[in-house]
Every structure is written in structure tokens, then in C-alpha cells.
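> the sequence and its predicted three-dimensional model are supplied below.
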Amino acid sequence: MTTFALRVRPGSSRQLAGTGTLLRFALRRDRLMLPVWIAVNALMVLSMPNTLEGLYGTPAERADLIRQMETNSSLRAMVGPVFDDSLGALTAWRAGVYAGALAAVMSLLVVVRHTRDEEESGRAELVASGMVGRRASLTAALLAAAVANGVLALLLTAGLAGQGTTGALALGFGIAAVGMVFATMAAIVAQLTESARLARGLTAAVLGAAFVLRAAGDSATDDGSSVLTWLSPLGWLENLRPYADERWWVLALLAGAALVQGAVAYGLAGRRDLGMSFLPTRPGPATGRLGSAGALAWRLQRGSVLGWSIGFLLAGVVYGGMTEGAADLVGDNDNARRIIERMGGRSGLTDAFLASMVGMLGLVAALYIVASVLRLHGEETSGRAEPVLANAVGRLRWAAGHLVIAFGGSALLMLLAGFGLAIGYGKETGPILGACLAQLPAVWVIGGVAVLLHGVLPRGAVAAWGVAGAVLLIGWVGPALDVPQAVLDVSPFGHLPKLPGGSMEWGPVVVLTGLAVGLVAAGLVGLRRRDMTT
């Protein structure tokens, strides 16, 4: 790519010229994506007090919960230790780490989209031809992330104020601070790499490592004091201890980390040319065979498939190891039992818990398939698809290469999750593998929606993330809120048989598979007939 050095006079005002305009443009572009991310995160957290009150309504039940968490290292690895028995503290315990992780994902996506994505597509070079400072785009991206995290913090603080204003402030702004830590981390990675995909992948890998470190530390100690926990920003959020004698200096630690990383990102941004990076992509020719569009698609997506595969296998092992402990934790709590049975069926608590975990992994697999399908959209808008299609490669062959990886990769993920569950649980593999594979028709329906949007309405393809987020919200929060079955049935996952333990129902599986095939076919027809976008 031709390099283009921004020519501006020294001075901070010149360096930031045009930031306001770029910020408004970024918020306008994300006017659909950001509200979905914020709403999913806020609803997940704000639904917890009522749910937990129903589950652990008496002091005796809460004391029993704390005793169980002190002795059950597998459950601590999943959700962390409990520091107090108030509803606010239980909310921070149950939802805090996951809300922080969601805020981190939202933030890294926003920053990479408005920095490296813009440079990779060539739009940043066009914008730079106007009165725009060298660091304006980076500043606008970080401000957009700050606005999103700020709105999330205010919603959480207002919604949880009834449980205690001080704890609500600590939890809301702690979650937002975690989001900004990963926003500034993504800003650094965007300077180091030449590919937006690699920038997203590397930052997400750091987030995954942070989750693993926190989980390992929490499994070793019951008070969050492990060194491994303190190596993770998610562990810092946990040790902020909202509603349990808050440690405000931990919030200052999160803010300091974000400021230091932001300063590093600004320093790097001033030392490179537009479109270039400190770790440039190795020039060709590529090694190995790239004799087909499918081989090229695999070369582009193999790193993502490997990362997701490792994650699903490890998650399966962790969830499988929790199965017996979850049965002990529920004990005689009828409300907790009812929620698990609503998620996983009524075939017995152990099978119901396994089925609910399988369902959660299926919901996460839907995120993978959307990301993999939308790689088509990224290749098209960046202009990389045009040289491929200029040769003897038709649009359908080009798309098929990516779709095979998207749909086949989701099957691989669920297989690995099944093996992980069987390893962690230590029981027979067949029923668990069958339960995981039974999730695929619903996963493929979400993938089919992404294909349809890309083929028929390419400018709205990003809305597939909204569909996946809504399905995740329904499956995750719906059973706990006791929403009507009609709402649960909006999600394709609501029609699947509850396995293992339940009876196999082939009707919904066949219907959902046929629906997925129809959506993919309609999307490919639209792709074949429309003009290519840039």
C-alpha cells in the first residue's frame, strides 16, 4: 500500500484537528452496534438482583452459598469468590466478571474499527487529505469507546442504586474502566499490526488470557488474593469488591493502566506513516498451496478457527468439571433448580445442568459463525475480494470457501466442546457429543441470517451482530427472569431438544436446518445479483 505521512504543524491543537467531526461520524456509524452491546450488558447485570433474591432470599440460603463457594474451586473459577451476602455483592459476584469481559469486547471492536479498519480500507487516507490531525482518528476512536463505556456505567449505577449507591458506583465504573483498559490496549495493537483482523484477534487473545489467569487464581484461593488473579484486569475488577467494603484504589489502578496504555498508543501513532505498522505483514509469496478460493479462505481464517477451538475445548473441560459441584450448590433451592431445568430440561439436575451448559456453548458458537461469515464482508469492503474475483473465480466459489469454514468450523467447535465436557465430567462421551451437535441447526440459522444480510443488504451486514446479541440475551437472561415461553421461542435455540437426558426430537432439528439452508441460498442469490461494494 502506498504510504502517506500526514503533514501537520507541531502543536497539540494541530495534532487533534478534526477530532470532533470524526467522533460524531464514529458514533453515527455505530448507532446500531453500540446500543445493542450496551443494552445486552446492562440488562444482564440489572436483571441479577431480582433473580438472586428469588434464588437466595433468606440469610441461611446466602450463608450456604458462601460456604459452597469457599469449598468449590470449579465454581470459583467460573464466577469468582463471594465477598458479602448482600444482593448487591451477589450481583457483582455473579455478573461482574462477565460484564467486564463484554465491555472489553465492545471497546476493542470500536477502537479497531475506527483506527486500523479505516486505514486498511483506504478511507483514512481519504480523510487525511483534509484538515485532520495525525492523532485525530485515534482520539475519536478512544472517545467513542469512552462514550459507550460511560453510558454503560451510568445505566448500571442508576439501575443498581437501590442496592446501595456506593456499590453501584464502584461496579458501574469498574466495568467501564475494564472496557477502557482493553480499548487502549486495542489502540496499541492497532499501531503494531497491519491487519484489523489480527489486531482484533490479538486483543481478544489477551482478554482470553486475562480470563484464564483470573479463573486459575480464583480456583486456588477463595478471597481473590492469588498472584494470578492480580495479573488480570478482570481480577482487578473482582478485587474492587463492590458492595463489600470497596477498594477504590483498585479503580485508580484500572484508570492508571488505561492512561498509560493510551499514552503508549499516542506515542506509537506519532511515529509511523498512515497505513503502515511496526510489525508489517511478511511479504509473499505465501508458502503452501493456494490453488483455490477455499484454500485462500482457510489461510485467512485458520488462526481464528484455532483460537476458537482451543477456547471451546477448555471451556468444555471447565464446565464438565463443574457439573457435580453445581448439583451440590443448588441443593434444595427450588428456584435455582427451576431455572436450570428451564434452561436444560427436567430429566434430572445433573443432565439439566449439562444441557444448560451445552446451550450456552451453542450461543457462543453463534458469535463465531457470525464473525466468520462477515469475513466475506470485510474482504469485499477492503477491496481484497476484487483481485480474486478478477480471475477465473466466481462469486459463489469465493463465498463458498468462507462459508465452509464458517459452518464447518462451528461443527468443529461443538465437537471439541463435547469432548471437553466429557473429559471434565468423566462420563460417557456419546450422549454429550450428541447434545452438542444438536445445537448446530440453531447456530446455522444465525449464520444464515448473516449470509442473507451480507448478500442482500451489505451495508447492513453488521446487524447480524445485533441478531446474535439478542439471541444470546434471550438464552442467557430469559430463563432467570422467567420470561414467557413465547419470548424464548423467538430464539432458534428455544426449539431444540434438551439434551443430554431429554428425548431427541427430529422435527425442530430438520425445520431449523432447512431454514438455515434457505437463508444461505437467498443470501448467495443476492450476492450473485448485486454490485460489489467498496
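Sure thing, it's come through. Remember, predicted model here, so these are calculated numbers, not experimental data. Residues are numbered from 1 along each chain as shown.
> point out where the stretch 251-400 of the chain drops to low pLDDT.
273-291, 324-349 (pLDDT under 70).
> so who does the residue lying closest to residue 437 once chain neighbours are set aside touch?
Computed as Cβ to Cβ, 6 or more residues apart in numbering, the closest residue to residue 437 that is not its neighbour in sequence is residue 414, at 6.0 Å. For the C-beta atoms, the positions are set from N, CA and C on the backbone; glycine is no exception. Counting by Cβ atoms under 8 Å, 6 or more residues apart in numbering, residue 414 makes contact with 312, 361-362, 365, 436-437, 439-440, 443.
> repeat the analysis, applying 7 Å as the threshold.
361-362, 365, 436-437, 439-440 (Cβ atoms under 7 Å, 6 or more residues apart in numbering).
> quick one: which of these sit in helices?
Of those, the ones assigned to helices by DSSP state H are 361-362, 365, 436-437, 440.
> out of these, who's the most crowded?
Within the ones in helices among the contacts of residue 414, residue 436 tops the neighbour count with 30 neighbours, counted by other Cβ atoms under 10 Å.
> chain neighbours aside, what residue packs nearest to it?
In space, residue 436 is closest to residue 418, 3.7 Å off (Cβ to Cβ, 6+ apart).
> what about the helix or strand in which that neighbour is found, distance to the chain center?
Per DSSP states H and E, residue 418 falls inside helix 395-425. From the chain centre to the centre of helix 395-425 is a distance of 17 Å (Cα atoms, centre = their mean, to the nearest Å).
> also stretch 205-218?
15 Å.
> not counting it itself, show me its contacts.
By Cβ under 7 Å, 6+ apart, stretch 205-218 touches 76-77, 80-81, 97, 101, 104-105, 182, 185, 224, 226, 228-229, 231-235, 238, 307, 311.
> what of stretch 84-97?
Identification of contacts with stretch 84-97 by Cβ under 7 Å, 6+ apart yields 44-45, 48-49, 52-53, 56, 59, 62-63, 66, 79-80, 82-83, 160, 163-164, 167, 171, 175, 214, 234, 237-238, 242-244.
> distance of residue 428 relative to residue 352?
As judged by Cβ to Cβ, to the nearest Å, residue 428 and residue 352 stand 17 Å apart.
> of these two, which one has the most company?
A side-by-side neighbour count of residue 428 and residue 352, using other Cβ under 10 Å, places residue 352 first with 26 against 10.
> does that one belong to a helix, a strand or coil?
Recorded secondary structure, residue 352: helix (DSSP: H, G, I helix; E, B strand; the rest coil).
> below-threshold pLDDT in this structure: ranges please.
Scanning the chain for pLDDT under 70 picks out the ranges 1-13, 74, 121, 124-125, 128-130, 133, 273-291, 324-349, 477-483, 534.
> nearest residue to residue 371 in space, please, no chain neighbours.
Distance criterion Cβ to Cβ, 6+ apart; nearest residue to residue 371, sequence neighbours excluded, is residue 304 at 7.2 Å.
> secondary structure element for that neighbour?
helix 293-330.
> what's the angle from that helix to helix 395-425?
Angular relation of helix 293-330 and helix 395-425 on a 0 to 180 degree scale: 30 degrees, by axes from the mean of the first three to the mean of the last three Cα atoms, to 10 degrees.
> and helix 293-330, what does it pack against?
Packing partners of helix 293-330 (3 or more Cβ pairs under 7 Å, 6 or more residues apart in numbering; DSSP states H and E): helix 73-79, helix 196-220, helix 334-344, helix 349-373, helix 395-425.
> nearest to residue 21, out of the ones you listed?
helix 196-220 (21.8 Å; Cβ to Cβ).
> give me the distance from that closest one to the chain's centre.
For helix 196-220, the distance to the chain centre is 12 Å (Cα atoms, centre = their mean).
> what does the next helix or strand after that helix contact?
As assigned by DSSP H and E, the chain's next helix or strand after helix 196-220 is helix 227-230. With contact meaning Cβ under 7 Å, 6+ apart, helix 227-230 is reached by 213-214, 216-218, 235, 238.
> pull out the buried residues from helix 227-230.
For helix 227-230, the neighbour count (16 or more other Cβ atoms under 10 Å) marks 228-230 as buried.
> could you do stretch 363-374 as well?
Quick answer for stretch 363-374 (16+ other Cβ under 10 Å): 363-374.
> now stretch 292-308
293-294, 296-298, 300-301, 304-305, 307-308.
> dump the residues you listed into JSON lines; add distance to residue 380 as well.
Conversion of the buried residues of stretch 292-308 to JSON lines gives the following (distance: Cβ to Cβ, whole Å):
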{"residue": "293", "distance to residue 380": "13"}
{"residue": "294", "distance to residue 380": "17"}
{"residue": "296", "distance to residue 380": "14"}
{"residue": "297", "distance to residue 380": "13"}
{"residue": "298", "distance to residue 380": "18"}
{"residue": "300", "distance to residue 380": "13"}
{"residue": "301", "distance to residue 380": "15"}
{"residue": "304", "distance to residue 380": "18"}
{"residue": "305", "distance to residue 380": "20"}
{"residue": "307", "distance to residue 380": "23"}
{"residue": "308", "distance to residue 380": "22"}
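> can you give me the end-to-end span of stretch 120-135?
17 Å (Cα to Cα, to the nearest Å).
> again with stretch 424-431
Using Cα to Cα, first and last residues of stretch 424-431 are 14 Å apart.
> for that stretch, buried residues please.
Applying 16+ other Cβ under 10 Å to stretch 424-431 flags 424-425, 427, 431 as buried.
> rewinding a little: and of the buried residues of stretch 363-374, the nearest to residue 447?
residue 369 (3.8 Å).
> spit out the contact partners of that closest one.
406-407, 410, 443, 446-447.
> and if you look at residue 419?
Residue 419 touches 313, 316, 429, counting by Cβ under 7 Å, 6+ apart.
> swap in residue 255?
Residues near residue 255 by Cβ under 7 Å, 6+ apart: residue 177.
> what do you get if the cut-off is 10 Å, keeping everything else the same?
173, 176-177, 180-181 (Cβ atoms under 10 Å, 6 or more residues apart in numbering).
> in which helix or strand would I find the residue positioned nearest the centre of the chain?
Nearest to the mean C-alpha position of the chain, by Cα atoms, centre = their mean, lies residue 105 at 5.3 Å. Using DSSP H and E, residue 105 maps to helix 87-113.
> nearest residue to residue 106 in space, ignoring adjacent ones along the chain?
Using Cβ to Cβ, 6+ apart, the closest residue to residue 106 is residue 37 (4.2 Å).
> let me have the buried residues of stretch 363-374 in a markdown table, extended by distance to residue 19.
Converted to a markdown table, these look like this (distance: Cβ to Cβ, whole Å):
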| residue | distance to residue 19 |
| --- | --- |
| 363 | 38 |
| 364 | 36 |
| 365 | 39 |
| 366 | 36 |
| 367 | 32 |
| 368 | 35 |
| 369 | 36 |
| 370 | 31 |
| 371 | 30 |
| 372 | 34 |
| 373 | 34 |
| 374 | 28 |
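> residue 433: how many residues sit nearby?
18.
> which residues touch the residue nearest to the centre of the chain?
Contact analysis of residue 105 by Cβ under 10 Å, 6+ apart lists 37, 41, 179, 182, 200, 203-204, 207, 367.
> among the contacts of stretch 84-97, which are in strands?
Within the contacts of stretch 84-97, no residue falls in strands by DSSP state E.
> that older thread, tell me the one of the buried residues of helix 227-230 nearest residue 494?
Residue 494 lies nearest to residue 229 out of the buried residues of helix 227-230, by Cβ to Cβ, at 36.2 Å.
> for that closest one, which non-adjacent residue is closest in space?
Residue 229 sits nearest to residue 217 (Cβ to Cβ, 6+ apart), 3.1 Å away.
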